[in-house]
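Enquirer: here you go, sequence then predicted model.
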Amino acid sequence: MDATYVKLIRSIGIPGIIKDANEVHSEELMNLARINKIQLIYALTINSPLTNDLMNKYNVTVQTVCELSDAFNANSINYTIFKTIKPFAYTPSDIDVLVSFEDRELASDLLLKKGYTQEIKDAMCITMRGRMDIDLYVEPSVSNIAYLRRDALMSDTNVIDVNGTKVSVLANHAEFIAVMSHSLYKEQMLTLNDYYTLTILAEQTNTDKILKIAQDTNTVPVLRLITGICRNITEEVFGKSQPLKICRLAEELGATLHSVKGMPYKFSMKLAMGLLLRKILNDPDENSNLLKGVVSGISLRRARKFWDHMRRETY
């Protein structure tokens, strides 16, 4: 791995697991932190002058999560926030919510009454625009093709307290699968945000549960790929003496150690779509949506979006 990325990761350590290296502020490292979506934890670690602005954005996220959860709880909406609340301080660009198909119109209406506007609506997701965008998913999806089943993820959820509000979130092993799958199938890249999230979640749960839900969702090949990359990063930066669970899981799965020069780590479209197609065709609960998703995805707008998607430096 390039020395600059090693310095960035060591300057942060792994929150709650490996202590930071007590580095000072660096504009170069802050830029790398930004494109890897970890600028807030980097800023907090090295006491950056940007910390206050980033914390203000973080507080907006927390407030929005609480307002949304209060409204949904009061109206008995079956929901779970996912890929948004991390095991470290984070400023997401939007809030992702899983809701049942029966509840998504009510959820959308509640947000409309709070001043949000409905920007996009398709078979799998409604995007509501306000102080922050809120994506209401009936299934985690890419181009109208579901890549995970909501019921498989929401079979084990937790309720956490956020500033006195009860917030429904996925259990750690389900969140691990959601983050991992999103990075490959939808974004075709793994950021350091994903690396930290997956590494910490693995430490906070039983990895047998991660393997079990990967088997249930036909994502074991993705788990093998992602854990191999995470193991390689960990061993290059912190050495092989760190007995982290994600490294042991990669070893148990026989994961290949992928060469990582810089982050985000980009996957080829051929690899991502090949694994998604194989997963869908092997899953009787999902393959019925394949043709419908492909047909609905054919449009000039989506083609342009796909081209922009492939050229971006981060997501």
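Expert: The structure has been received and is ready for your questions. Numbering: from 1, shown residues only.
Enquirer: what distance do you get for the residue most central in space within the chain to Thr205?
Expert: By C-alpha atoms, centre = their mean, the chain has its centre lying nearest to Val179, at 3.5 Å. According to C-beta to C-beta, to the nearest Å, Val179 stands 13 Å off from Thr205. Using the backbone N, CA and C atoms, a C-beta is placed for each residue, glycine as well.
Enquirer: just the helices in the stretch 151-300 of the chain please.
Expert: With helices called from DSSP state H, counting those that start in this stretch, the stretch 151-300 of the chain shows them at 172-181, 192-203, 207-216, 220-238, 245-253, 269-281, 290-296, 300-311.
Enquirer: got those helices as CSV, with mean pLDDT and distance to Asn158 columns?
Expert: Output for the helices of the stretch 151-300 of the chain, formatted as CSV (pLDDT from 0 to 100; distance: least, C-beta to C-beta, whole Å):
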stretch, mean pLDDT, distance to Asn158
helix 172-181, 98, 8
helix 192-203, 98, 12
helix 207-216, 97, 13
helix 220-238, 96, 21
helix 245-253, 97, 19
helix 269-281, 88, 26
helix 290-296, 52, 30
helix 300-311, 50, 32
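Enquirer: run a quick neighbour tally on the closest residue to Val138 other than its chain neighbours.
Expert: Leaving aside its chain neighbours, Val138 sits nearest to Phe101 (4.8 Å; criterion: C-beta to C-beta, 6 or more residues apart in numbering). By the criterion of other C-beta atoms under 10 Å, Phe101 has 11 neighbours.
Enquirer: how much space between Phe101 and Tyr137?
Expert: Phe101 sits 10 Å away from Tyr137, going by C-beta to C-beta.
Enquirer: three-state assignment of the residue nearest to Val138?
Expert: At Phe101 the chain is in coil, as set by DSSP: H, G, I helix; E, B strand; the rest coil.
Enquirer: need the pLDDT of it.
Expert: Here the pLDDT value assigned to Phe101 is 92.
Enquirer: show me where the stretch 1-150 of the chain has strands.
Expert: Along the stretch 1-150 of the chain, the segments classed as strands by DSSP state E, counting those that start in this stretch run 79-82, 94-99, 117-121, 125-129, 133-137, 141-142, 145-146.
Enquirer: show me what the second one is packed against.
Expert: In this structure, strand 94-99 packs against helix 51-74, strand 79-82, strand 133-137, with contacts taken as 3 or more C-beta pairs under 8 Å, 6 or more residues apart in numbering; DSSP states H and E.
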